[in-house]
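J.: what follows is a predicted structure for the sequence shown.
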Amino acid sequence: MKKQPKYEIIKDQDRCDTCRACEFQCANGVYHYDAEKKKMIIDSLSCVNCQRCVEYCHQNALKIIANRNEYHHGYWQMEDMQEIYQQAEHGGMLLSSMGNDKAYPKYFDHLLINASQVTNPSIDPLREPMEVRTFLGKRTHHITRDTNGNIQIKVHPHLHLKTPILFAGMSLGAISYPAHQALLEAAKALGTFYNCGEGGLPKTFYSDKDSIIVQVASGRFGVDPTYLKHSAAIEIKIGQGAKPGIGGHLPSSKNSALIADTRMIEEGSEAISPAPHHDIYSIEDLRQLVNSLKEATQYEKPIIVKVAAVHNIAAICSGIARSGADIIYIDGMRGGSGAVPTRIRDHVGIPLELALASVDQTLREEGIREDVSIIAAGGIRNSADVLKAIALGADAVAIGTAALIAMGCHMCCDCTKGNCNWGIATQKDALVKRLHVEQAKRQLIHLIQAWTLELKEMMGGMGICSIEALRGNRMMLRGIHLQEEELRILQVKHAGSR
Amino acid sequence: MIDAKNLTASELNTKIRESDADVIEIQNILGQRYIANASNGKKIKLFGTCGNNLGSFLDGSEIEVFGNVQDACANTMNDGKIILHGMCGDALGYGMRGGKIFVEKDCGSRCGIHMKATKTKQPLMIIGGVVQDFFGEYLSGGTLIVLNLQNEASCCGRYCGCGAHGGSIILRLSDLSQACHLTSQLKKVDDKKKAYIDQALNEYANDLHITLPKTMDFYEVIMQNKNPYERLYVEN
């Protein structure tokens, strides 16, 4: 069965001056120069639509379009058939990258934000202070005093963010070393946090521990006491929005000397993260790992537990809150991944918005909401999504895909092959060099600064001058085009309701 | 000497951290968890029954236990040595990447899961008795040895070495039927491996003060695949 190209490259012959930039820029081997015919030969089958050639064509001679076959059927789509051909030939599970791209509802786009009119006047953020500082961790419940009546202050370990946006965990292996450098440098400049993901922490990053969240995942890659100490917080990764219920695998071909050293494994070996933590079979076991990490770091760091948004997420998070964890990280089904089985990515998990609202409501009803902070992630695309997530109950959000796009990712969704032409999702030296750390850092800083400005603008419009007042404040949202059950779960009134 | 009676795990660990004794002896341990977590540079003798997560993230200390130990001992151990004069619960040495664990008697399920090696570290775990299910699952480096010194009918439970893709699992079998739950193929260890085992067992016997049988037959579990996922996926 002949494989059909997903994309077609259209070249304007009159404009092409055969400078061969397209050939040099493409790591997928789409272009080669035929010296005899003195023209570029194009193999569209290898094109992944990363747009690198288009951007580097100084003659603007190239255009990539989706290869829309004229085949039509009311039920069977060409994509379905292509996947069957692929599996009939190879017999394996289909592998994809990035997040769920199916047409499930985008609840963020069905929520509208409030603004003040006449009463409770709006605030001009350019003129008046707007507070977006965020503290993540347990809150102190009771005031205690010593025998002289002085207040005894017991503050639980927490994270202090200048804006309620963090960078999501992405491992060295999934993305390149310069991408990690850019994320860390940007986090430092912004007063937020970089998360090294489950692939260990490069030793060159140790000096910036106050801006770093380290991850403890099922493979325990790179985890030792030194690693734990060089962090502001420790994240136990139970699940990931892109692939709830399954583990991960960095193939030996990507396991370079740097990655092996960082993950503390042998170079060239397979790096497999099992689906479960084999020491966690219950909430009691989770509590044990939480306490074990706290004991190992002498109770100086908040512990985050990251879970994927799944059907019974509210009950799960209730358990996590009782496990002693300080922060719950909920990763929705739009969350990305360097490699994920297609069926898992596209069919497992639930939307972040529903999960978040349900968890926030449950924790409030059970009187344990103040025991944990909530980080929401998995599909945050802009500052309006940030604001809506906070109004649905999040304390802060984490961004992964949006951060990659800010660094130059063009969402070709072909990370699995490791041929990222933008130097982000690759470990190949020649490609890695293409990502300029300073430029990527600058773009990340600009993005978060812009989102923070927009957040303040929207908050000001609502008459809210502190992000604390927005947290879980569903009255600031109204639903549009939503069913009664959806509104009930979101705890949001329909637009036009009084 | 530290008396652990009525001490919480945190109080006990504080005392361990603050102690500058050459050998820290702790009496009356009754189920305290997280003892000596992330500890390095200490020599600790424990008397009693240790709770879960003994020596988690251990980073170089030597722990000797005169009694039994519960689950998740040596979780993510990085370096050091743990000597157990007794039995051990489930998930011993999960994610361990360095150091040595010597157990005199039996262990529970899921021991040695995801043990791995580095360029400079080759972890070693020797069990004197038998082990239960999932022994050495996802093993990617280091050596696991089961001696079955009591000659039980089965030396290991089901799913031994499931998903393993590196390292080695060595079983001492006085009768091949003792590997009755094993679904992988076995091979007799070669001379190089035998020399390594002999050296390791010498240290094991010395540390536990026991005498091992003069002749023992060792078999190595043949890993089914260096990459268990090799044929599982196809690019979409």
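T.: Nice, thanks for sending it over. Numbering: from 1, shown residues only, chains lettered A, B, ... in the order given.

J.: could you find the closest non-adjacent residue to the residue in chain A that chain B sits nearest to?
T.: Scanning chain A for proximity to chain B using CB to the nearest CB identifies A:Arg220 as nearest, at 3.3 Å. In short, each C-beta sits where N, CA and C put it, glycine included. Among residues not flanking A:Arg220 along the chain, B:Gly95 sits closest, at 3.3 Å (CB to CB, 6 or more residues apart in numbering or on different chains).

J.: can you pull the contacts of that neighbour?
T.: B:Gly95 sits next to A:Gly219, A:Arg220, A:Val223, B:Asn75, B:Thr76, B:Ile113, B:His114, B:Met115, B:Lys116 when contact means CB atoms under 8 Å, 6 or more residues apart in numbering or on different chains.

J.: the closest residue to chain A within chain B and A:Glu370, how far apart?
T.: Going by CB to the nearest CB, chain A is nearest to B:Gly95 of chain B, at 3.3 Å. In this structure, B:Gly95 lies at 33 Å from A:Glu370, with CB to CB, to the nearest Å as the measure.

J.: before we move on, the earlier item: what about the residue of chain A closest to chain B, neighbour count?
T.: The tally of other residues near A:Arg220 (other CB atoms under 10 Å in any protein chain shown) stands at 27.

J.: that one reaches B:Thr76, doesn't it?
T.: Yes - if you go by CB atoms under 8 Å, A:Arg220 and B:Thr76 touch, sitting 4.8 Å apart.

J.: okay, and the common contacts of those two?
T.: B:Tyr94, B:Gly95, B:Arg97.

J.: check the secondary structure at the second one for me.
T.: Secondary structure, DSSP: H, G, I helix; E, B strand; the rest coil: B:Gly95 is coil.

J.: tell me if I am right that B:Thr49 is in a strand.
T.: Yes - per three-state DSSP, B:Thr49 lies within a strand segment.

J.: give me the distance between it and B:Phe66.
T.: As defined by CB to CB, B:Thr49 lies at a distance of 10 Å from B:Phe66.

J.: one more: B:Gln122?
T.: Note on B:Gln122: its distance to B:Phe66, by CB to CB, is 27 Å.

J.: in the longest helix anywhere in chain A, which residues are buried?
T.: Ordering each helix of chain A by length in residues (DSSP state H) puts helix A:437-462 first. For helix A:437-462, a neighbour-count test (16 or more other CB atoms under 10 Å in any protein chain shown) marks A:437, A:440-445, A:447-448, A:451-462 as buried.

J.: tell me the contacts of A:Ser269?
T.: When contacts are counted by CB under 8 Å, 6+ apart, A:Ser269 is found next to A:Ser252, A:Asn255, A:Ala260, B:Lys116, B:Ser140, B:Gly141, B:His165, B:Gly166.

J.: which residues touch the second one?
T.: By CB under 8 Å, 6+ apart, the residues touching A:Asn255 are A:Gly173, A:Arg263, A:Ile265, A:Glu267, A:Gly268, A:Ser269, A:Glu270, A:Ala271.

J.: among those, the buried ones, what's the PyMOL command?
T.: Under the burial definition 16+ other CB under 10 Å, those of these that qualify are selected in PyMOL by:
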select buried, chain A and resi 173+263+265+269+270+271
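
J.: any chance of the contacts of A:Asn255 in TSV with pLDDT and secondary structure as columns?
T.: Rendered in TSV, the data for the contacts of A:Asn255 read as follows (pLDDT from 0 to 100; DSSP: H, G, I helix; E, B strand; the rest coil):
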residue	pLDDT	secondary structure
A:Gly173	92	coil
A:Arg263	95	helix
A:Ile265	94	coil
A:Glu267	92	coil
A:Gly268	89	coil
A:Ser269	88	coil
A:Glu270	87	coil
A:Ala271	89	strand
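
J.: just for the stretch 1-150 of chain A, where's the confidence low?
T.: The stretch 1-150 of chain A contains residues with pLDDT under 70 at A:1-2.

J.: again, only using 90
T.: Scanning the stretch 1-150 of chain A with the threshold set as pLDDT under 90 gives A:1-6, A:37-39, A:67-74, A:77-79, A:81-82, A:86, A:90, A:118-121, A:125-126, A:140-144.

J.: now do the strands in it.
T.: Secondary structure of the stretch 1-150 of chain A by DSSP state E, counting those that start in this stretch: the strands cover A:7-11, A:31-34, A:39-42, A:62-66, A:93-96, A:111-113, A:134-136, A:144-145.

J.: how about the secondary structure of A:Gly367?
T.: Under three-state DSSP, A:Gly367 comes out as coil.

J.: can you count the residues close to it?
T.: Burial of A:Gly367, expressed as a neighbour count using other CB under 10 Å, amounts to 8.

J.: how about A:Ala389?
T.: 29.

J.: what strand or helix carries the closest residue to it other than its chain neighbours?
T.: Taking CB to CB, 6+ apart, and ignoring the residues beside it in sequence, A:Ala389 has A:Ala376 as its nearest neighbour in space, at 4.4 Å. When secondary structure is defined using DSSP states H and E, the element that contains A:Ala376 is strand A:373-377.

J.: for A:Ile344, what are its contacts?
T.: A:Ile344 makes contacts with A:Ala242, A:Lys243, A:Pro244, A:Gly245, A:Ile246, as judged by CB under 8 Å, 6+ apart.

J.: so the residue nearest to A:Ala389 touches A:Lys388, yeah?
T.: No - using CB under 8 Å as the test, A:Ala376 is too far from A:Lys388 to be in contact (9.7 Å).

J.: ok, B:Lys187 to A:Lys254 distance?
T.: Taking CB to CB as the criterion, B:Lys187 is separated from A:Lys254 by 31 Å.

J.: wait, B:Ala38
T.: Going from B:Ala38 to A:Lys254 by CB to CB gives 30 Å.

J.: count the neighbours of the nearest residue to A:Thr144 once chain neighbours are set aside for me.
T.: Nearest residue to A:Thr144 in three dimensions, chain neighbours excluded: A:Gln152, at 4.7 Å (CB to CB, 6+ apart). For A:Gln152, the count of nearby residues is 8 (other CB under 10 Å).

J.: now swap in B:Lys45 and tell me
T.: The tally of other residues near B:Lys45 (other CB under 10 Å) stands at 16.

J.: can you tell me the helix or strand for it?
T.: Here B:Lys45 is covered by strand B:43-49, with elements defined by DSSP H and E.
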